[in-house]
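Undergrad: output the structure for:
(one chain, ligands or ions: 2)
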Amino acid sequence: LGGHSGEQVLAGRRVLVTSGPTHEPIDPVRYIANRSSGRQGHAIAAAAARAGAAVTLVSGPVGIPDPPGVGVVRVESAREMLAAVEAALPADIAVFAAAVADWRPEREAGAKKIKKDGAGPAPMPLVENPDILATVARMPTGRPPLVVGFAAETEAVLDHARAKIARKGCDLIVANDVSAEGGVMGGIDNAVHLIGRDGSVESWPRLGKNEVARRLMAHFAGMLAGRYR
Ligand code: CTP
Ligand code: CA
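TA: Ligands and ions are numbered 1, 2, ... in the order given. Predicted structure coming up:
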């Protein structure tokens, strides 16, 4: 009976996971968002808990249940997500699976709904949100020993992922193809590539998001133990 599914490979570890989309408010009733379901991030949090870790899940708005055995912090916007992540540290492993909205409306949402005035829509300038993964990966003190990013790409998946790992300063990128052919976003399966700091690639077959999560736990445990770079 090799490969016991009940093996507690992360016993005694603290794991922080971000998941879901963020909602960037335009006014009290409207927001900017994306198609993330939160399934992969939630599956990772659940798998970490099953692997024996103490898990905090910082989740944007999703329509799926909280994973069992996990502390869940609910947020809406990218800036709230960053604050919740900072409050949840320290951790041994931080996994950034959220699809954080890259931009938010420059104008803070007020209490009043924006009304049509007959003159057509007003321009809506956007500003870039903080990069939560890069912020944590580059923390001068208290950086988690293992910082993992995700990369959702529609083309040149490996090239973009390699550039991302260098730009963000994380230890590992889990890259997947979210093009229409990939069909990952909101779906049940995921075909991922693990990209290391040295540019190395490990490609996994198309698997259920729960199975991806389970295998990732063993990989993370191996990385923490110094078995791979
Ligand atoms: N990420 C983050 N905060 C952001 C943007 C992204 O923490 N403001 C994290 C995501 O959770 C993911 C990784 O960074 O782990 C890569 O996200 P992705 O959207 O693929 O990369 P970006 O740097 O935003 O680049 P782009 O969307 O232009 O490809
Ligand atoms: Ca992005």
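Undergrad: just checking, next helix/strand downstream of the longest strand seen in the chain?
TA: When the chain is parsed with DSSP state E, its longest strand is strand 146-153. With elements assigned by DSSP states H and E, the helix or strand that comes after strand 146-153 is helix 157-168.
Undergrad: who in this protein is up against ligand 1?
TA: Taking CB under 6 Å from any ligand atom as the test, the list of the chain residues beside ligand 1 reads 18, 78, 96, 98, 100, 102, 129, 131-133, 149-152, 164. Glycine gets a C-beta too; all of them are placed from N, C-alpha and C.
Undergrad: for residue 221, helix, strand, or coil?
TA: At residue 221 the chain is in helix, as set by DSSP: H, G, I helix; E, B strand; the rest coil.
Undergrad: ok, and the closest non-adjacent residue to it?
TA: Nearest residue to residue 221 in three dimensions, chain neighbours excluded: residue 9, at 4.0 Å (CB to CB, 6 or more residues apart in numbering).
Undergrad: where does the protein dip in pLDDT?
TA: Low-confidence segments of the chain, defined by pLDDT under 70: 1-6, 180-189, 228-229.
Undergrad: tell me which residue lies nearest the centroid of it.
TA: In the chain, the residue lying closest to the centroid (CA atoms, centre = their mean) is residue 97, at 1.4 Å.
Undergrad: hmm, residue 79 is touching residue 132, no?
TA: No: with contacts counted by CB atoms under 8 Å, residue 79 stays clear of residue 132, the gap being 9.4 Å.
Undergrad: which of these two has more residues huddled nearby?
TA: Each of residue 79 and residue 132 has its neighbours counted (other CB atoms under 10 Å); residue 132 has more, 25 against 15.
Undergrad: all helices for the chain, in order.
TA: Counting by DSSP state H, the chain has these helices, from start to end: 39-50, 78-88, 132-137, 157-168, 209-224.
Undergrad: and these: which comes nearest residue 31?
TA: Closest approach to residue 31 among the helices of the chain (CB to CB): helix 78-88, 11.6 Å.
Undergrad: that closest one: which residues count as buried?
TA: 78, 80, 81, 82, 83, 84, 85, 88 (16 or more other CB atoms under 10 Å).
Undergrad: and which of those is nearest to ligand 1?
TA: Nearest to ligand 1 among the buried residues of helix 78-88 is residue 78, at 5.4 Å by CB to the nearest ligand atom.
Undergrad: excluding chain neighbours, what is closest to the closest one?
TA: residue 129 (3.8 Å).
Undergrad: quick one, what contacts that neighbour?
TA: 22, 24, 77, 78, 79, 100, 101, 102, 103, 104 (CB atoms under 8 Å, 6 or more residues apart in numbering).
Undergrad: for those, which one is nearest ligand 1?
TA: Nearest member of these to ligand 1, counting by CB to the nearest ligand atom, is residue 100, at 3.6 Å.
Undergrad: how close does that closest one get to residue 85?
TA: 11 Å (CB to CB, to the nearest Å).
Undergrad: cool, residue 105 as well?
TA: According to CB to CB, residue 105 stands 22 Å off from residue 85.
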